[in-house]
Structures are given as C-alpha cells and as structure tokens.
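**Student:** next comes the sequence, and after it the predicted model I'd like to discuss.
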Amino acid sequence: MLVIVTENVPPRLRGRLAVWLLEVRAGVYVGKFSAKVREMIWQQIEVGAEDGNVVMAWSINNESGFDIRTYGKNRRIPEEIDGMKLVSFLPVDDD
C-alpha cells in the first residue's frame, strides 16, 4: 500500500499523481506499486512540488509495518529512534 498526502503543490503535480494513484480526497492519493515505481513517483514529486510539501507512506516488512518520507517544509519531521520511525514537531512559527 502506498499513500501520498500533498499540501500546496501545483495542479500539474496533482494531475500527474492522479495518473498513477487514486485521489480519495483532495491531495490524498493511494495505490500499490513496486519499490521501483514508488521511487519514480518520488522523483516526480521532488521535481514538481515546488514550495509545497508532501509525505509518502508505504507498507514495508519492518516492526511498524510501514515507512515514511517527506518533501518540503512542514512542522512534522520524521526521525528514526531505535529502529522505529517517529514524528517530532517543530515549534509554531509566530511570524
């Protein structure tokens, strides 16, 4: 299983993702692909996300059963601690 959540990405990237994945909610895509296709999709995200942010989660054979990867600025930062992927939060920016 592969899940991608996008925020503030250009419409052309959303359209490209919709070619490969099912958009179940605005900016939320699901599908099932091999690692090779998943990497190709990630390359498209890196090229097309511009100032937006993206998180990708997929099934993998580990303790938690999944792994995650992020692109762009976001308060949630994935960190690996003792072999487990956890999410830390940056402080709220009071600009």
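**Tutor:** All right, it came through fine.
**Student:** contacts only, for residue 27.
**Tutor:** Residue 27 makes contact with 5-7, 9, 14, according to CB atoms under 8 Å, 6 or more residues apart in numbering. For glycine as for every other residue, the C-beta is placed from the backbone atoms N, C-alpha and C.
**Student:** just the helices in the protein please.
**Tutor:** Residue ranges of the helices in the chain, as given by DSSP state H, are 11-20, 35-48.
**Student:** returning to what we had before: can you tell me which of the contacts of residue 27 is closest to residue 47?
**Tutor:** residue 9 (11.2 Å; CB to CB).
**Student:** quick one: contacts for the spatially closest residue to the closest one that is not a sequence neighbour?
**Tutor:** With CB to CB, 6 or more residues apart in numbering as the criterion, residue 9 has its nearest non-adjacent residue at 3.5 Å, and that residue is residue 52. By CB under 8 Å, 6+ apart, the contact set of residue 52 is 6-10, 13, 72.
**Student:** now with 6 Å?
**Tutor:** Listed by CB atoms under 6 Å, 6 or more residues apart in numbering, the contact set of residue 52 reads 7-9, 72.
**Student:** give me the low-pLDDT residue ranges for this protein?
**Tutor:** 94-95 (pLDDT under 70).
**Student:** among the contacts of residue 27, who's most crowded?
**Tutor:** Most neighbours among the contacts of residue 27, by other CB atoms under 10 Å: residue 6, with 24 neighbours.
**Student:** that residue and residue 56 touch, don't they?
**Tutor:** No: between residue 6 and residue 56 no contact is recorded; they are 9.7 Å apart, counting by CB atoms under 6 Å.
**Student:** before we move on, back to that, please convert the helices of the chain to a markdown table, extending it with distance to residue 84.
**Tutor:** What follows is the helices of the chain, written out as a markdown table (distance: least, CB to CB, whole Å):
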| stretch | distance to residue 84 |
| --- | --- |
| helix 11-20 | 28 |
| helix 35-48 | 21 |
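**Student:** pretty sure residue 88 contacts residue 77?
**Tutor:** Yes: counting by CB under 6 Å, residue 88 sits close enough to residue 77 to count as a contact (5.1 Å).
**Student:** okay, strands next: where are they in this protein?
**Tutor:** Taking DSSP state E to define them, one finds strands in the chain at 2-7, 22-25, 28-31, 53-59, 66-71, 76-81, 84-89.
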